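[1] pasting the sequence and the predicted coordinates here, then a few questions.
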Amino acid sequence: MAKLWAGRFSKTTDETVNDFNSSIPFDNRLYPQDIEGSLAHSEMLARQGIITAADRDQIHSGLKEILQSMDAGEVEFDPAQYEDIHMCVEQLLTERIGQAGKRLHTGRSRNDQVALDMRLYVRQEILEVRDQVLHLIEVLTDVAEKNTATIMPGYTHLQRAQPVTFAYVLLAYVSMLKRDVRRLENTLDVLDECPLGSGALAGTTYDLDRHFTAEVLGFSQPCANAMDGVSDRDYCLEFLSDLSILMMHLSRLSEEVISWCSWEFKFIELDDAFSTGSSIMPQKKNPDICELIRGKTGRVYGDLMTLLTVMKGLPLAYDKDMQEDKECVFDAIDTVTMCLKVLPDMLSTMTVLTENMAAAGRKGFINATDCADYLTKKGMPFRDAYKLTGGLVARCIQEGRTLEQLTLKELRVESELFDESFYEAVDLLNAVKRRNTFGGPAPEQTEKQIAMARDFLQEHRKQDES
Ligand code: ARG
């Protein structure tokens, strides 16, 4: 098949070179964006009197037909025939409508074309991922709402530390995910400049109305410098970085779930539909989903590193290296959207084993700080109270007892400050309720956090409607 650029060449492309050079096997997913860009470009060309209204009409109906056939899966994206999706659409158009099709590329280069297509695609996918993250926030908030009084140990260094609730732990992940949403929205803001009209690198000699196309395509302005316009992939990097951070959060949550469903913790039980078995060990029920999410995080980081490295040595303006932006961005999107598809249902169907969480809370002296605080509030300097409590803990460990099992008599040997109210102070639910400062685990506070999460969901979903 002769290339659109064959004029200057006396030989056809070597077959291996053709395969090596061709991006259509992976960039064909950009066809809706490519056609959307061409519709806007040809509309503008007609408005500016660069092509006739009749040509524009033919181009438009041709493009719409091509869109339909591509939607219907009727076009074979064959690298032997088409180098990339941009050439493919243009070739098909000319095959369909003849002369007028050949006028479409007036005042345009594949460089600004691909820069536009990629931006339109990333913009759409940011919204998609954002919606999925909002859904995950909702699911976590729903589970949290049912567990504001579900006591469990909070950990530092994976050692039992202080009493919290299951709701509180989940809401920590909600806070992370809220930041992910804000990061994605910020990237939308960063990419909000239209590269169309940048030409190959230095604009064009035609009187293009770049503000018109920018507006039609939903951008607030055209990008200010054509060389930058064709070679800017910062928004891809920002998006990949947003996705990497998001995956890091999903991976941390996955790691917790993996621990929680182990026999060592047994804080939750995953639904059978969201677990897998072993081919040899009949007893096994494995949290494969979480392990895959944890594993795929590495893959998304890899996508970010790929593009950072691709871009780092490129001279202005367009270089073919940039074609390598596609597969890593697509792979990251596919990976993240798949993870976000399975995770919410896995979480909403899991069983929370509240008694096991409470039992874990009763071991490990997670109320030791409360004991020290108890004495401090009665007038003992905190450092002394800390030391005295440490002594009590050491004794309890030796005797296989817990702090609340010490009798008042035993306690009063250590300090006169102990009285009956001690037992109330080290009760775990009370200890949680008393952590009632803003951002704390007291049910009153977690209810506020839940309300804030619901407000956040409403606000960020409303943006879609506006
Ligand atoms: N397939 C190319 C890409 O994705 C399109 C741009 C090609 N431009 C060029 N001057 N060869 O980057």
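    Okay, I see it. Numbers count the residues shown, from 1 in each chain.
[2] when you work out contacts or count neighbours from here on, use the C-alpha atoms and nothing else.
    OK.
[3] and the pLDDT for the residue in the chain positioned nearest to the ligand?
    With Cα to the nearest ligand atom as the measure, Gln323 is the residue of the chain nearest to the ligand, at 3.6 Å. We note a pLDDT of 98 for Gln323 in this prediction.
[4] name the nearest residue to Leu140, sequence neighbours excluded.
    Using Cα to Cα, 6 or more residues apart in numbering and skipping residues adjacent in sequence, the residue nearest Leu140 is Leu170, 6.2 Å away.
[5] so who does the residue of the chain closest to the ligand touch?
    Shown in contact with Gln323 (Cα atoms under 8 Å, 6 or more residues apart in numbering): Ser23.
[6] interface residues of the chain facing the ligand?
    Taking Cα under 6 Å from any ligand atom as the criterion, the chain approaches the ligand at residues Ser23, Asp84, Arg110, Asn111, Val114, Lys320, Met322, Gln323.
[7] please render those residues as CSV that adds secondary structure to the earlier fields.
    Formatted as CSV, the residues of the chain next to the ligand follow (DSSP: H, G, I helix; E, B strand; the rest coil):
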residue, secondary structure
Ser23, coil
Asp84, coil
Arg110, helix
Asn111, helix
Val114, helix
Lys320, helix
Met322, helix
Gln323, helix
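[8] quick check: next helix or strand after the host helix or strand of Leu292?
    Using DSSP states H and E, the element containing Leu292 is helix 288-311. Next along the chain after helix 288-311, taking DSSP H and E as the criterion, comes helix 325-348.
[9] what lies in contact with that following helix?
    With contact meaning Cα under 8 Å, 6+ apart, helix 325-348 is reached by 26-27, 125, 129, 132-133, 135-136, 139-140, 143, 236, 240, 243, 247, 270-271, 274, 289, 293, 296, 299-300, 303-304, 306-307, 310.
[10] now do stretch 78-85
    1, 18-19, 21-25, 27-28, 30-31, 34, 88.
[11] from these, list the buried ones, please.
    Neighbour-count burial (16 or more other Cα atoms under 10 Å) applied to these gives Asn18, Ser22, Ser23, Ile24, Pro25, Asp27, Asn28, Leu30, Tyr31, Asp34, Cys88.
[12] max pairwise distance over those residues: which two?
    Within the buried ones among the contacts of stretch 78-85, Asn18 and Asp34 form the most distant pair, 21.6 Å apart (Cα to Cα).
[13] so for the closest residue to Pro222 other than its chain neighbours, what's the pLDDT?
    Of all residues not flanking Pro222 in the chain, Cys194 sits nearest, at 4.3 Å (Cα to Cα, 6+ apart). The per-residue pLDDT reported for Cys194 equals 98.
[14] before we move on, back to that, in the helix holding Leu292, what's buried?
    The neighbour-count check on helix 288-311 (16+ other Cα under 10 Å) flags 289-291, 293-294, 296-297, 299-304, 306-308, 311 as buried.
[15] using CSV, write down the CA coordinates of the helix or strand harbouring Gly62.
    Using DSSP H and E, Gly62 falls within helix 53-71. Extracted in CSV, the C-alpha atoms of helix 53-71 (Å, rounded to 0.1, in the frame of the first residue of the first chain):
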residue,chain,number,x,y,z
ALA,A,53,-18.8,24.6,2.8
ALA,A,54,-19.6,21.8,0.3
ASP,A,55,-16.2,20.1,1.0
ARG,A,56,-16.8,20.5,4.8
ASP,A,57,-20.2,18.8,4.4
GLN,A,58,-18.7,15.9,2.5
ILE,A,59,-15.9,15.6,5.0
HIS,A,60,-18.3,15.6,7.9
SER,A,61,-20.6,13.0,6.5
GLY,A,62,-17.6,10.8,5.5
LEU,A,63,-16.1,11.1,9.0
LYS,A,64,-19.4,10.2,10.6
GLU,A,65,-19.7,7.1,8.4
ILE,A,66,-16.2,6.1,9.3
LEU,A,67,-17.0,6.5,13.0
GLN,A,68,-20.0,4.3,12.6
SER,A,69,-18.0,1.5,10.8
MET,A,70,-15.3,1.7,13.4
ASP,A,71,-17.8,1.6,16.2
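[16] only the buried residues of that helix, if you could.
    By 16+ other Cα under 10 Å, the buried positions in helix 53-71 come out as Asp55, Arg56, Asp57, Gln58, Ile59, His60, Gly62, Leu63, Lys64, Ile66, Leu67, Met70.
[17] how far does that helix sit from its chain's centre?
    35 Å (Cα atoms, centre = their mean, to the nearest Å).
[18] immediately after it, which helix or strand?
    Once the chain leaves helix 53-71, the next helix or strand it forms, by DSSP H and E, is helix 85-97.
[19] so which bits of that following helix are buried?
    Residues Ile85, His86, Met87, Cys88, Val89, Glu90, Gln91, Leu92, Leu93, Thr94, Arg96, Ile97 are the ones in helix 85-97 that count as buried (16+ other Cα under 10 Å).
[20] so where's the stretch 51-200 of the chain uncertain?
    Counting by pLDDT under 70, the stretch 51-200 of the chain contains no low-confidence segment.
[21] for the helix holding Gly62, name the packing helices and strands.
    helix 31-47, helix 85-97 (3 or more Cα pairs under 8 Å, 6 or more residues apart in numbering; DSSP states H and E).
[22] among these, which comes closest to Glu424?
    In terms of Cα to Cα, the element of the helices and strands packed on helix 53-71 nearest to Glu424 is helix 31-47, at 64.4 Å.
[23] off-centre distance for that closest one?
    Chain-centre distance of helix 31-47: 30 Å, with Cα atoms, centre = their mean.
[24] so what touches that helix?
    Taking Cα under 8 Å, 6+ apart as the rule, helix 31-47 contacts 51-53, 56, 59-60, 63-64, 67, 70, 85-86, 89, 104, 113-114, 116-118, 120-121, 196, 208-209, 212-213, 216-217.
[25] quick one, it and helix 85-97 angle?
    Here helix 31-47 runs at an angle of 60 degrees relative to helix 85-97 (axes from the mean of the first three to the mean of the last three Cα atoms, to 10 degrees).
[26] got the CA positions of helix 31-47 in PDB?
    Extracted in PDB, the C-alpha atoms of helix 31-47 (Å, rounded to 0.1, in the frame of the first residue of the first chain):
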ATOM      1  CA  TYR A  31     -10.300   6.800  16.500                       C
ATOM      2  CA  PRO A  32     -13.200   8.600  18.200                       C
ATOM      3  CA  GLN A  33     -10.800  11.400  19.300                       C
ATOM      4  CA  ASP A  34      -9.100  11.500  15.900                       C
ATOM      5  CA  ILE A  35     -12.500  11.900  14.200                       C
ATOM      6  CA  GLU A  36     -13.700  14.500  16.700                       C
ATOM      7  CA  GLY A  37     -10.600  16.500  16.100                       C
ATOM      8  CA  SER A  38     -11.000  16.300  12.300                       C
ATOM      9  CA  LEU A  39     -14.600  17.400  12.500                       C
ATOM     10  CA  ALA A  40     -13.600  20.500  14.500                       C
ATOM     11  CA  HIS A  41     -10.600  21.200  12.200                       C
ATOM     12  CA  SER A  42     -12.700  21.000   9.000                       C
ATOM     13  CA  GLU A  43     -15.500  23.100  10.500                       C
ATOM     14  CA  MET A  44     -12.900  25.800  11.300                       C
ATOM     15  CA  LEU A  45     -11.300  25.500   7.800                       C
ATOM     16  CA  ALA A  46     -14.700  26.200   6.200                       C
ATOM     17  CA  ARG A  47     -15.500  29.100   8.600                       C
END
